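**Q** return atomic coordinates for the entry below.
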Amino acid sequence: MEKIISYPISVIYYLLFGLCLAVFHPIQWICLNVFGYQAHKKSVDYLNFCLLKCTNLVGTRYTVEGVDTVPKGAPIIFVANHQSMYDIVAMIWYFRRFHCKFVSKKELGSGIPSVSFNLKYGGSVLIDRKDPKQAIPVIKGLSEYIEKNTRSAVIFPEGTRSKTGIPKEFAQSGLKILCKYAPSAYVVPVSINNSWKMVKFGFFPVGLGNHLKFTAHKPLAVKDYKFEELMEITEKAVKEGINEYKQV
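**A** Alright, predicted model coming up:
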């Protein structure tokens, strides 16, 4: 029944969602090329605010916890599980004061209004998942960027999104590079719940009435841990905060 009801609502939803992407694409271009980074950053923030408001149309609610515990004035490495594109939309808005930059797959770097522009010119990096060697210098560059500018990187160590909410095994290489070249950073584990339910029917129609929850756990200073210990603590914190993991 939910799927049937969602069809007409999803048509309206995607029209509004697409309109936001189309409108903000030239706004981003103007902000970046005329006014610089800070103006572009603001335009991206409000793009994602509008996208979040679009999701309210399909009954989506958000709860975000732990943001106030994230250190200010230091580079941050957010390590999260990945369930859908709505993970990114919510993190850009709710964690906006940390200037989130993403490690994304290269396919997202072209063809998507607003999204591709921000990934290419907003400080995020694009990697070829089929070429691990290419990813090393790219992620190294991101870590040096957040170290220098006191901003944040967001990495999803699963590599691909979970379609059921159950987290996959975490890969270590990306986080290891980030920690190595951003030694003053804090790693902040983030558990994401129920985002996968937005796309449980696939791209269309959208899942209705979901409550998405983002929980930022205790920050961990990179300098205080050996990497293996840091990785273990981080993965455990993220996974233990995921409902489906606790039910397995």
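
**Q** pretty sure Leu212 sits against Val58.
**A** No: counting by Cβ atoms under 8 Å, Leu212 sits too far from Val58 to count as a contact (11.5 Å). For the C-beta atoms, the positions are set from N, CA and C on the backbone; glycine is no exception.

**Q** who touches both of these two?
**A** The contact sets of Leu212 and Val58 overlap at Met198 (Cβ atoms under 8 Å, 6 or more residues apart in numbering).

**Q** of these two, which one has the most company?
**A** Neighbour totals were compared for Leu212 and Val58, and Leu212 leads with 24 against 18 (other Cβ atoms under 10 Å).

**Q** following the chain onward from the longest helix seen in the chain, which element is next?
**A** Longest helix of the chain, by residue count under DSSP state H: helix 2-30. Remark: after helix 2-30, the chain's next helix or strand is helix 37-56, criterion DSSP states H and E.

**Q** can you list contacts of that next one?
**A** Outside of helix 37-56, the residues within contact range by Cβ under 8 Å, 6+ apart are 13, 16-17, 20-21, 24, 27-28, 31-32, 62, 86, 89-90, 92-93, 96, 99, 114, 118, 121-122, 198.

**Q** cutoff 6 Å now
**A** Applying Cβ atoms under 6 Å, 6 or more residues apart in numbering, the contact partners of helix 37-56 are 16-17, 20, 24, 27-28, 31-32, 89, 92-93, 96, 114, 118.

**Q** output these as JSON lines; include the columns neighbour count.
**A** Formatted as JSON lines, the contacts of helix 37-56 follow (neighbours: other Cβ atoms under 10 Å):
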{"residue": "Leu16", "neighbour count": "16"}
{"residue": "Phe17", "neighbour count": "18"}
{"residue": "Cys20", "neighbour count": "20"}
{"residue": "Phe24", "neighbour count": "23"}
{"residue": "Ile27", "neighbour count": "17"}
{"residue": "Gln28", "neighbour count": "21"}
{"residue": "Cys31", "neighbour count": "19"}
{"residue": "Leu32", "neighbour count": "19"}
{"residue": "Val89", "neighbour count": "23"}
{"residue": "Ile92", "neighbour count": "24"}
{"residue": "Trp93", "neighbour count": "21"}
{"residue": "Arg96", "neighbour count": "17"}
{"residue": "Ser114", "neighbour count": "23"}
{"residue": "Asn118", "neighbour count": "25"}
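
**Q** where does this protein have its least confident helix or strand?
**A** Of all helical and strand segments in the chain, the minimum by mean pLDDT, DSSP states H and E falls on helix 243-247, at a mean of 76.
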